[in-house]
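Chemist: have a look at this prediction, sequence included:
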There are 2 protein chains.
Amino acid sequence: MTATDDLLGNAAQYARDFTAGDLPLPPKLRVAVVACMDARLNVYGVLGLTEGDAHVIRNAGGAVTDDEIRSLAISQRLLGTREIILIHHTDCGMLTFTDEAFKAQIAAETGIRPPWAVETFTSLEDDVRQSIARITASPFIPHKDSVRGFVYSVEKGTLTEVR
Amino acid sequence: MTATDDLLGNAAQYARDFTAGDLPLPPKLRVAVVACMDARLNVYGVLGLTEGDAHVIRNAGGAVTDDEIRSLAISQRLLGTREIILIHHTDCGMLTFTDEAFKAQIAAETGIRPPWAVETFTSLEDDVRQSIARITASPFIPHKDSVRGFVYSVEKGTLTEVR
């Protein structure tokens, strides 16, 4: 049994209890969240989201790269979202290494240096501000009146806004 | 009051009830999930995940682009995950338009054609297989023994494996 097999057992239970089969495609709250992939950051739990409420976009660090711009453009232009919430978190892995070291490690093992930025950072707050700035600077995202960024504390469970 | 303000109220309640402040950084189940951002797809709910269990990576369509390869490379190489679960879902927005139409609409409005692929698709199952193939083909992801793809039914709450 793999961990995946165990999770499929949970999924079967979820399906048995499922009652939300008639929700519309556009998110009810008109919100898109961009958050780190970290296992300790339960976005539905923290924000009290339920099925149908909000788009949830996640990656290593909660970075805003072309793929998040793509997702946010689709979210706003085709599916009606109007607010964006960015979430980074304390004890993030992206604080513990550098782009250069990670690329060098991969190049040493595989012979190929990744062509993409690794998106490591040294300050949570500065990277939240930078992520907001990338959204604000994008010509592809039409609605920027409510783009707010936060740091989630994995120790305390709190969300603190970055100004 | 914005929707964001309402969600911050939920976050305050989550923090008051929070008891999981001592979890380690590496995901307990050694699993990374790549899923669509769709509001109806509650990844923690469907898979029965709890805080600390698994990395969750999400974007429009659950596509595997360079940013997901980046996140999966970090997940496996630095944080010890070994299995990957891909989740697309029925009634996906990415089935309802084309790359060309979306890019033309943005170009007409902004004067700038997005340089990235929009990652629309016409078959859920084929795109799941293609996403698995992108992971399998990547030199940057070391562990590929368990890369499994699924279609989630937003109508029934079920998860069906794509073979």
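Modeler: Cool, got the structure.

Chemist: for A:Ile112, give its distance to chain B.
Modeler: 5 Å (Cβ to the nearest Cβ, to the nearest Å). From N, CA and C alone the C-beta is placed, and that goes for glycine too.

Chemist: can you pull the contacts of that residue?
Modeler: If you count contacts by Cβ atoms under 8 Å, 6 or more residues apart in numbering or on different chains, A:Ile112 has them with A:Ile106, B:Pro139, B:Phe140.

Chemist: what's the local residue count around the last one?
Modeler: Read that as B:Phe140. Residues contacting B:Phe140 under the criterion other Cβ atoms under 10 Å in any protein chain shown number 22.

Chemist: now swap in A:Met1 and tell me
Modeler: 7.

Chemist: and the pLDDT at the residue of chain A most remote from its centre?
Modeler: In chain A, the residue that sits farthest from the middle, by Cα atoms, centre = their mean, is A:Gly111; the gap is 30.1 Å. As predicted, A:Gly111 sits at a pLDDT of 98.

Chemist: and if you look at A:Asp22?
Modeler: 97.

Chemist: check the gap between A:Thr160 and B:Asn59 for me.
Modeler: Relative to B:Asn59, A:Thr160 is positioned 26 Å away (Cβ to Cβ, to the nearest Å).

Chemist: repeat that for A:Val56.
Modeler: 10 Å.

Chemist: what touches both of the two?
Modeler: What both A:Val56 and B:Asn59 touch, as defined by Cβ under 8 Å, 6+ apart, is the set B:Met37.

Chemist: follow-up on the earlier one: of all the contacts of A:Ile112, which comes closest to B:Leu29?
Modeler: Using Cβ to Cβ, B:Phe140 comes nearest to B:Leu29 of those, at 21.9 Å.

Chemist: surely that closest one and B:Asp66 touch.
Modeler: No - using Cβ atoms under 8 Å, B:Phe140 makes no contact with B:Asp66, being 9.6 Å away.

Chemist: which residues of chain A fall in helices?
Modeler: A:3-17, A:43-47, A:66-79, A:99-110, A:124-137 (DSSP state H).

Chemist: sounds good, over and out.
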